[in-house]
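Visitor: the sequence and its predicted three-dimensional model are supplied below.
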2 protein chains.
Amino acid sequence: MRFAYMLFAYKVPTVSRRNDRNRLEEQQFLASYDPSQFDRPSVTVDVVILTLRAGRLEVLLTQRKEHPFKGFWSLPGGFVGMQESLDEAAARVLRSKGGLEGVYLEQLYTFGAPQRDPRTRVISVAYYALVEPGRIQEREGNALFRVVVPWEGEAGGPVEVEGGRSRRHPLAFDHAEILGMAVRRIRGKLEYAPIGFELLPERFTLRQLQQVHETILGRKLNKDSFRRRMLASGRLEPTGELESGTGYRPAELYTFKKDRP
Amino acid sequence: MRFAYMLFAYKVPTVSRRNDRNRLEEQQFLASYDPSQFDRPSVTVDVVILTLRAGRLEVLLTQRKEHPFKGFWSLPGGFVGMQESLDEAAARVLRSKGGLEGVYLEQLYTFGAPQRDPRTRVISVAYYALVEPGRIQEREGNALFRVVVPWEGEAGGPVEVEGGRSRRHPLAFDHAEILGMAVRRIRGKLEYAPIGFELLPERFTLRQLQQVHETILGRKLNKDSFRRRMLASGRLEPTGELESGTGYRPAELYTFKKDRP
DNA sequence: AAGCATATATGCAAAACGCATATAAGTCAA
DNA sequence: TTGACTTATATGCGTTTTGCATATATGCTT
């Protein structure tokens, strides 16, 4: 509230500095500007698509069919089109490679070590997505496979990935580093942002939500404290319905309350 | 501790998949790769250099001498060289435009809206730096000037900047958005990371540290609680010396204890 | 209907926090 | 030298939060 007041106190209708003469000069300058005079890196987006299964964190990867790193597992990604924003490029990758739309997607970090891609200079803007397990269908061909994310050290070291037959797969490029940063980011964000819901179906129990948090954080949480905090957060809407098929007393199902429509 | 164990349990010496034949194929592929076949955006770094003066947050800006946005204030920035990393590019901007070296510098976010620069497609990796006021000398020419950062709305709306004679200056490009995100980032980070020290001289009092936090957060903090938290954090080293020239009882000077050398 | 396993509610001690009060200490002016 | 002044530092206490333990409730299964 106080912030809003100070904002308006300083805000100004303006752009009066941009007078007509200035605008004309600028148009002339732009007409004579030649964009091809400098070397430019390629820019890609890579998306860390995270989901859960059986109490473990999983990431969706694809196996590279071409050089470099042929045969290695890698994050789905693609070049940024000249007419699309970074967010749009990430959403396009998510849609075209994972068949996913409307999921939680956020920029993570930009990786630009000069030799991270042996072909040419490639700068990669990394994103991470959180997807409810029910929305993922595994597909053949160029599509993505779910691979368990083992625990990485806090030091940010390389992350090896364990496949379906419990084989270890090193990742292509610097994707292990990107994956490690995604896990650290989501873990940190869990403590102050309501992102656990993104990995659950529309309706869920408090126990399920706690299990999501425990899986991401990698440690057990106090049940009562967790319940109290979640209920006090005001973001859970009780549906009045109960889960079914548990065999024992079912818990109430809740919905995530979207504050801002 | 527990995490480190799990890391080693999964870690594997490997890269055994990369056999000789695969390596040879890859070399042939790279030799025939033509990097010039795709359109590429330009990539720049822009640095939000933040400092404090008289209990206000300030940012170092330069006034544009060329189109586009000629005459507008803008963040110092530059193109990313083909052989330098993003961090190196940001450090270079900090050094060449601000004469600053060895200051706190961290990647903020990457901005890539297609029309953010009217010349051509420019993707900007934004960084922010925190600088102790004593290290900044204002310079003429192409150099930077300190400009007060007024309070921006939490919504991330445009940030206008107030100059020395209390004029308002709109910022070039999307730099207002970048500045707003930097302020939000540092504010959030203050609650869990020891970054307040970066804006203070080597030795400082608890009151000075609290004033830094209050300036950044834009609100008063409880004095006792702040002292207890800081002293309990184990990051402050008492020097045994006292400040001087206060006119009244001087407080003890502390140093920031660097855990990791 | 009884047993069962979990959900939900209540109580309580320890720690963290906000607030108020009391004491200590260096500076300045007379 | 002394006393007033202002801030630093220490102490106490009620409130809130958190972790832990216990008690009760509830729907399902047999």
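Guide: That came in fine, so what should we check first?
Visitor: all strands for the stretch 51-200 of chain A, in order.
Guide: A:56-63, A:73-74, A:77-79, A:104-111, A:122-130, A:145-148, A:161-162, A:168-169 (DSSP state E, counting those that start in this stretch).
Visitor: residues contacting the residue nearest the centre of chain A?
Guide: Chain A has A:Y128 as the residue nearest its centroid, 1.6 Å off, counting by C-alpha atoms, centre = their mean. If you count contacts by C-beta atoms under 8 Å, 6 or more residues apart in numbering or on different chains, A:Y128 has them with A:V47, A:V48, A:I49, A:L50, A:L105, A:E106, A:L108, A:A182, A:R185, A:I186. No exception for glycine: its C-beta is placed from N, CA and C like everyone else's.
Visitor: secondary structure class for the third one?
Guide: Going by DSSP: H, G, I helix; E, B strand; the rest coil, the secondary structure assigned to A:I49 is strand.
Visitor: what number of residues lie near A:R95?
Guide: 13 (other C-beta atoms under 10 Å in any protein chain shown).
Visitor: what's the neighbour count on the nearest residue to it once chain neighbours are set aside?
Guide: The spatial neighbour of A:R95 that comes closest, neighbours along the chain excluded (C-beta to C-beta, 6 or more residues apart in numbering or on different chains), is A:E101 at 5.5 Å. For A:E101, the count of nearby residues is 9 (other C-beta under 10 Å).
Visitor: if we can go back for a sec, so what sits opposite the residue nearest to the centre of chain A in the bridge?
Guide: Taking DSSP bridges, one finds A:V48, A:E106 as the beta-bridge partners of A:Y128.
Visitor: the lengthiest helix in chain A vs strand A:104-111, what angle?
Guide: Longest helix in chain A by number of residues (criterion: DSSP state H): helix A:175-190. Calculated by axes from the mean of the first three to the mean of the last three C-alpha atoms, to 10 degrees, helix A:175-190 forms an angle of 130 degrees with strand A:104-111.
Visitor: list phi and psi for the nearest residue to A:A113 once chain neighbours are set aside.
Guide: Among residues not flanking A:A113 along the chain, B:S85 sits closest, at 5.1 Å (C-beta to C-beta, 6+ apart). The phi/psi pair for B:S85 (degrees, to the nearest 10) reads phi -80, psi 170.
Visitor: and the end-to-end length of stretch A:110-129?
Guide: 15 Å (C-alpha to C-alpha, to the nearest Å).
Visitor: how far away from the center of its chain is it?
Guide: 16 Å (C-alpha atoms, centre = their mean, to the nearest Å).
Visitor: check the secondary structure at A:V43 for me.
Guide: A:V43 ends up strand, using three-state DSSP.
Visitor: contacts only, for it.
Guide: A:F79, A:V80, A:V122, A:I123, A:S124, A:V125, B:R40, B:P41, B:V43, B:G112, B:I123.
Visitor: state the pLDDT value of it.
Guide: Per-residue pLDDT puts A:V43 at 97.
Visitor: do the same with A:F38
Guide: pLDDT, read off for A:F38, is 63.
Visitor: what does A:R53 give?
Guide: 85.
Visitor: distance of the residue nearest to it when sequence neighbours are not counted from DNA strand D?
Guide: Spatially, and ignoring its direct neighbours in sequence, A:R53 is nearest to A:P133 (5.7 Å; C-beta to C-beta, 6+ apart). Remark: distance between A:P133 and DNA strand D (C-beta to the nearest atom of the strand, to the nearest Å) = 23 Å.
Visitor: hmm, the residue nearest to A:A113 is touching A:F111, no?
Guide: No: using C-beta atoms under 8 Å, B:S85 makes no contact with A:F111, being 9.2 Å away.
Visitor: looking at the two, which is more packed in?
Guide: A:F111 (23 against 17).
Visitor: what sits against the residue lying closest to the more buried one once chain neighbours are set aside?
Guide: Closest residue in space to A:F111, ignoring its immediate chain neighbours: A:S124 at 4.9 Å, by C-beta to C-beta, 6+ apart. By C-beta under 8 Å, 6+ apart, A:S124 lies in contact with A:V43, A:T44, A:V45, A:D46, A:G77, A:T110, A:F111, A:G112, A:R116, A:F173, A:I178.
Visitor: which of these sits closest to DNA strand D?
Guide: Minimum distance to DNA strand D across the contacts of A:S124 is 30.9 Å, recorded for A:I178 (C-beta to the nearest atom of the strand).
Visitor: for that closest one, what are its contacts?
Guide: With C-beta under 8 Å, 6+ apart, A:I178 has these contacts: A:D46, A:V48, A:L75, A:L108, A:Y109, A:F111, A:S124, A:A126.
Visitor: skipping adjacent residues, who's closest to the third one in space?
Guide: Looking back up the chat, that one is A:L75. Nearest to A:L75 is A:D46, by C-beta to C-beta, 6+ apart, at 4.3 Å.
Visitor: ok, the residue nearest to A:R95 - contacts?
Guide: A:A91, A:L94, A:R95.
Visitor: same check, this time on A:Q211
Guide: Counted by C-beta under 8 Å, 6+ apart, A:Q211 has contacts A:G55.
Visitor: kindly report the same for A:F173.
Guide: A:F69, A:S74, A:R116, A:D117, A:S124.
Visitor: residues contacting the fourth one?
Guide: What it means is A:D117. A:S42, A:P68, A:F173.
Visitor: pretty sure the first one contacts A:F79?
Guide: To tie it back to what came earlier, the one meant is A:S42. Yes: under the criterion of C-beta under 8 Å, A:S42 makes contact with A:F79 at 6.5 Å.
Visitor: which one's more surrounded, these two?
Guide: It is A:S42, of A:S42 and A:F79, that has more neighbours when counted by other C-beta under 10 Å, with 19 against 16.
Visitor: who touches stretch A:131-139?
Guide: A:49-53, A:60, A:98-100, A:103-104, A:144-146, A:198-201.
Visitor: among the residues you listed, name the buried ones.
Guide: A:49-52, A:60, A:98, A:100, A:103, A:144-146, A:198-200 (16 or more other C-beta atoms under 10 Å in any protein chain shown).
Visitor: format the residues you listed as TSV; extra columns: distance to A:Q211.
Guide: Converted to TSV, the buried ones among the contacts of stretch A:131-139 look like this (distance: C-beta to C-beta, whole Å):
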residue	distance to A:Q211
A:I49	20
A:L50	15
A:T51	14
A:L52	8
A:L60	21
A:G98	24
A:L100	22
A:V103	20
A:L144	24
A:F145	23
A:R146	18
A:E198	14
A:L199	10
A:L200	9
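Visitor: any idea which of the residues you listed is least confident?
Guide: Among the buried ones among the contacts of stretch A:131-139, A:L144 has the weakest pLDDT, 67.
Visitor: A:D46 belongs to a strand?
Guide: Yes: counting by three-state DSSP, A:D46 is located in a strand.
Visitor: contacting residues for the closest residue to A:F256 other than its chain neighbours?
Guide: Leaving aside its chain neighbours, A:F256 sits nearest to A:F197 (4.1 Å; criterion: C-beta to C-beta, 6+ apart). A:F197 is in contact with A:F204, A:L209, A:F256, counting by C-beta under 8 Å, 6+ apart.
Visitor: narrow those residues to those in helices?
Guide: A:L209.
Visitor: quick one: low-confidence residue ranges for the stretch 151-261 of chain A.
Guide: A:151-169, A:259-261 (pLDDT under 70).
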